[in-house]
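*Asks:* Next come a sequence and a model predicted from it.
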Amino acid sequence: MTRTTRPARPSAARRSTALRGAAVVGALALTLAACSGGGGSDADPEAAAEEGGELLVWAWDPTVEPIAEAYMEANPDVTIELVNAGTGNDQYTALQNAISAGSGVPDLAQIEYYALPQFAIGESLADLTELGADELEGTYTPGPWNAVQQGEGVYGLPLDSGPMALFYNEELFTQHGIEVPTTWEEYVAAARTLHAADPNAYITADTGDAGLATSLMWQAGGRPFQVEGTDVTVDLADEGSQQYAELWQQLVGEDLVAPISAWSDEWYQGLGNGTIATLVTGAWMPGNFESGVPEGSGKWRVAPMPQWEAGESVTAENGGSAMSVMEASENKALAYDFLEFASAGDGVQIRIDGGGFPATVADLESEEYLGTESEYFGGQKINEVLSQAAADVSEGWQYLPFQVYANSVFNDTVGQAYVSDATIAEGLSAWQEQLVTYGNDQGFTVE
Amino acid sequence: MTQTAVPVAAAALTAPRRRRTRGSWTGWGFVGPFMAVFALVFLAPIAYSLWISLFRTQLVGGTTFVGLENYQRALEDPQFWSALGRVTAFLAVQVPVMLGIALLVALALDSGRLYGRDFFRISIFLPYAVPAVVATLMWGFMYGTRFGLVGNINDALGTTLPNPLSPDLVLAAIGNIVTWEFVGYNMLIFYSALRTVPTSLYEAAEIDGAGQWRVITAIKLPAIRGALVVATIFSIIGSFQLFNEPSILQSLAPNAITTYFTPNLYAFSLSFSGQQYNYSATVALIMGVLTMVIAYVVQLRGMRKEA
Amino acid sequence: MTTATPTTTPRSSAPRLRSTRGGSKDRARTRGHSVDRPRRSVLLTVLTALVLLYALVPLAWLVINATKTQGDLFSSFGLWFGDSFALLSNIGQTLTYDDGIFVRWFANTLLYVVLGAGGATALAVLGGYGLAKFSFPGKRAVFAVVIGAVAVPGTALAVPTFLMFSQMGLTNTPWSVIIPSLISPFGLYLMWTFAAEAIPTELLEAARMDGASEARTFGQICLPLLAPGIVTVLLFTMVATWNNYFLPLIMLKDPDWYPLTLGLNAWNAQAATAGGEAIFHLVITGSVLTIVPLVVAFLFLQRYWQSGLAAGSVKE
């Protein structure tokens, strides 16, 4: 394998992005939208906070509420209205509709990393560099910091991050005498052993998840999506992507993964009763274990993500979201002040207390954080593993500027490998074809 | 006999035509409010859709007028055709099954030969009270082959029932949900229609010495033909617009229920995941025209037999 | 559907009026079987009972599972009770979870139903009466246009509707849910056919001869005659509004304005967020609580709406 562990390439942000005639997203905007809100971008955030004002925030993360309360306490003249406009895609739809209509756009919105480029390229998000975001370089771990940059601009600040790790049911592993896998090869072997020993047990559950697939390609060194302004390259047959396809083909082809969709009731059940033995997922998962899988308490542990080559330690990001100031906000300075508070200020501790996984280096490296013993995970100091995972995230990954669409058709294409004779490699090439067509239709130059 | 029963079906519609005493605008005073709101929430968006279906908007490059290009694209779009094929298959199987069961139950209730008729009537109608969202979430839970009801049955009986949400069966699984939701509703429409058949007809049949079966085919069915036609038309519209059930089940069966599973789901995905509003509007309008044509044909056929 | 008028010989509707809308006494007399009083059939009852089972088992599943804790839900047999009987605590939790947001959703739904279904019924009654008893320019086109528009999938109209409403400043307000639910094409149709039948033209002509205004004629003479039809339409629009899901999903962002259906779906989706709490047991209990009011309404009103439906449906 020729994959370099740490691509020496400078972060994606340094490349120039002259967007040629980027359109306001959505046809309808042209006929209906009035004008973009403006002003306030050169104001001083702290002064804006003292002056006070009102902010409308869209976020689904439960910890944003206490953060907003803390901020209002510290800045009595500021009123924050917090709205949960739906999770993920639902909220993006609502956001897109509001942008198209030119009214009802919030000042700040929570946006997952994979969706951020799409809103950034539509010029819906404010560039935060002028407001002081460039000074925050180094505050965050590389994964999330990379993800909020597009071209020269910074289009959001990280709320959390999802460096990946291996969550495994230790009880099940001990019971069947299986070693915790450190490489993907061992992982497949463990899958076979486990399923042979107990036909009701599976190494993991998956019904085709674009987020997981792209994260595994990412870890393998694949960089299937390259974006330079409006020039986009899609290569889902690059080496890293192929490695993923081969690995997952073995698991899916031999029926070693449980066909249970993530987040369904069966999935939570399976995590609790030993049907699903591992999850390779983002570091935000422990909170969901504690609330959704109470029966699993004491059984589960965390280990580093299995490696493509023995002895390495490379990870990727899975999930996680930023918060962005919307271009249509009329009080960007104030919005930014709150954002900084939430993302890099006192808000971080509130999020940690609420079970979130921070994106800030200082918190990840603090002894108190690293030394916390998790009762759910049998007293294990899980943050040691997770912090390390955050430091090991492979750099240089890019999402498509239409990743929301791309993920939505993942199951139409790659997903067919889970339910038919098609292979994942075939699925990837069908996916690629669809992405190229869509991208070109949308005015990008896609190869 | 048939001839005397049938006109009942049309009496209401023809009656107003006989009387043109007030050929003025007074009627608009009554119909106007409905039409005003209707224009706002139906006609205006449709007109708007027609307008945007003539354009193409790109994430990069903005909006350009493309004439009928979107329509041409739809006619050549294999995903659109596969969606259309799927709802047509659904229509061909689910609608007759549902209406058949509904009709049989209605006839059974109407025959007066059931114990506890009123209990049957209200109970079978109850699922109609369940919102489609709740019904789908509920059936989704039950369809689980591991821990759902299907799984329970497998555990208890040692069977291996196939996964209802696998690609081969998912359409049937959705058909089951829709049937469950609406069988009682249709049953009630038929039953109510049956109850208005004039007694004199049965008396006449009795004198003729007609059996139960003959009474059903010669009196009851012709008498409720109007109800049958309308139930069929509304079921066709419902099938062509199939959306809630597959869209909610999608999270449980993402590979079996593609983004172009039904035309309506396709239009939705185009619009909300792909931001292809123009093309989405085109697909919706084509489906609207198709639905109208089919409903019209059904009505013509259904009503022609009457005359 | 463009010809809304089937071509059959007209027939005086007067004789049927008595039989369809009479009290229970009348009804008994008109039943075909009162003629020969058929014997009850066990076989037929058993066969129909199969359909009954089909209808009720899922509801039983729902009610039974509303008695389980989140843990039991996963570990016990679906069609029987779990170790715990947690119905009351589930109901308590449902009503109090997240500062009692469920109660708020319930109140919203009631608001939408009262204004939406009430308004829809009023418009349908007026419109149906107008169509049935007057002839006016453009009348033929009205129903053709209504049915034609209904054939266009609503989901695809959502974005245009949203943008229009947004321009009018209606999105994220209760009006964005209420105004679209004011239109019930089926209700209009039902009222049209019902009014044509239920209001003898002679009566109208007599009233007009007496010099009564149209509004007065409608309010004092026709409305009472239309009562059973109104109840029927009201029930249909109630169900439609109560179950409304898609449009609120597009129009509303603020959970404070959600109806129950949207709220339940949000609860179900909550399990899928990082940091979100899985509350499937509350989704199930909430579903039961959502259905109960409708079921109760059906049971109470069934006497009226049966007769209304009968008169309407037969002519459809």
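*Replies:* Arrived safely. These numbers come from a predicted model, not from an experiment.

*Asks:* Closest to the centroid, which residue in the chain?
*Replies:* If you meant another chain, say so; for now it's chain A. residue A:319 (2.2 Å; Cα atoms, centre = their mean).

*Asks:* could you do chain B instead?
*Replies:* Centrality entry for chain B: nearest residue to the mean C-alpha point is residue B:235, 2.2 Å, by Cα atoms, centre = their mean.

*Asks:* surely that residue meets residue B:99?
*Replies:* Yes: counting by Cβ atoms under 8 Å, residue B:235 touches residue B:99, with 6.5 Å between them. For glycine as for every other residue, the C-beta is placed from the backbone atoms N, C-alpha and C.

*Asks:* what is in contact with those two at once?
*Replies:* residue B:186 (Cβ atoms under 8 Å, 6 or more residues apart in numbering or on different chains).

*Asks:* buried set for the lengthiest helix in chain B?
*Replies:* If each helix of chain B is counted by residues according to DSSP state H, the longest one is helix B:78-111. Within helix B:78-111, the residues that count as buried by 16 or more other Cβ atoms under 10 Å in any protein chain shown are B:79-80, B:83-84, B:86-87, B:90-91, B:94-95, B:98-99, B:101-111.

*Asks:* And for stretch A:303-319?
*Replies:* Per 16+ other Cβ under 10 Å, stretch A:303-319 contains these buried residues: A:303, A:304, A:305, A:306, A:307, A:308, A:314, A:315, A:316, A:317, A:318, A:319.

*Asks:* distance of the first one from chain C?
*Replies:* I take that to be residue A:303. 20 Å (Cβ to the nearest Cβ, to the nearest Å).

*Asks:* a helix runs through that residue, doesn't it?
*Replies:* No: according to DSSP: H, G, I helix; E, B strand; the rest coil, residue A:303 belongs to no helix; its state is strand.

*Asks:* Could you pull up the residues touching the closest residue to it other than its chain neighbours?
*Replies:* Closest residue to residue A:303 apart from its sequence neighbours, by Cβ to Cβ, 6 or more residues apart in numbering or on different chains: residue A:166 at 4.5 Å. Neighbour list for residue A:166: A:180, A:181, A:278, A:279, A:280, A:302, A:303, A:304, A:305, A:306 [criterion: Cβ under 8 Å, 6+ apart].

*Asks:* What is the three-state secondary structure of the fifth one?
*Replies:* Read it as residue A:280. strand.

*Asks:* Next: the first one.
*Replies:* Here residue A:180 takes the coil state, with states given by three-state DSSP.

*Asks:* burial of it, as a residue count?
*Replies:* By other Cβ atoms under 10 Å in any protein chain shown, 16 other residues sit near residue A:180.

*Asks:* from memory it sits against residue A:169, does it?
*Replies:* No: counting by Cβ under 8 Å, residue A:180 sits too far from residue A:169 to count as a contact (10.5 Å).

*Asks:* Tell me the helix or strand right after the longest helix of chain B.
*Replies:* Toward the C-terminus, helix B:78-111 is succeeded by helix B:117-125 as the next helix or strand (DSSP states H and E).

*Asks:* so where do the helices sit in the stretch 1-150 of chain C?
*Replies:* C:14-21, C:24-30, C:33-36, C:42-65, C:70-75, C:87-112, C:118-133, C:139-150 (DSSP state H, counting those that start in this stretch).

*Asks:* which of these sits most buried?
*Replies:* Among the helices of the stretch 1-150 of chain C, the stretch with the highest mean neighbour count (mean count of other Cβ atoms under 10 Å in any protein chain shown) is helix C:118-133, at a mean of 25.

*Asks:* domain assignment for chain A?
*Replies:* Domain assignment for chain A, taken from automatic domain parsing, gives A:23-161+A:319-365, A:164-316+A:395-446.

*Asks:* ok, and the closest non-adjacent residue to residue A:344?
*Replies:* residue A:139 (5.4 Å).

*Asks:* Next up, the contacts around that neighbour.
*Replies:* Applying Cβ under 8 Å, 6+ apart, the residues near residue A:139 are A:145, A:344, A:360, A:361, A:362.

*Asks:* now swap in residue C:226 and tell me
*Replies:* The contact partners of residue C:226, by Cβ under 8 Å, 6+ apart, come to C:125, C:129, C:191, C:194, C:195, C:198, C:199.

*Asks:* Any stretches of chain C with poor pLDDT?
*Replies:* C:1-38, C:74, C:153-156, C:273-276, C:303-316 (pLDDT under 70).

*Asks:* hang on, the earlier thing: what kind of secondary structure is the residue nearest to residue A:303 in?
*Replies:* strand.

*Asks:* Residue B:107 and residue B:194 touch, don't they?
*Replies:* Yes: counting by Cβ under 8 Å, residue B:107 does reach residue B:194; the two are 7.2 Å apart.

*Asks:* Tell me if I'm right that residue B:66 and residue B:55 touch.
*Replies:* Yes: with contacts counted by Cβ under 8 Å, residue B:66 reaches residue B:55, the gap being 6.3 Å.

*Asks:* Settle it for me: which of those two has more neighbours?
*Replies:* Using other Cβ under 10 Å, the more surrounded residue of residue B:66 and residue B:55 is residue B:55, with 21 against 16.

*Asks:* do you know how far that one is from residue A:111?
*Replies:* Going from residue B:55 to residue A:111 by Cβ to Cβ, to the nearest Å gives 28 Å.

*Asks:* Please name the nearest non-neighbouring residue to residue B:42.
*Replies:* residue C:149 (4.3 Å).

*Asks:* Next, find the distance separating that neighbour from residue B:243.
*Replies:* In this view, residue C:149 and residue B:243 are 17 Å apart by Cβ to Cβ.

*Asks:* All good on my end, thank you.
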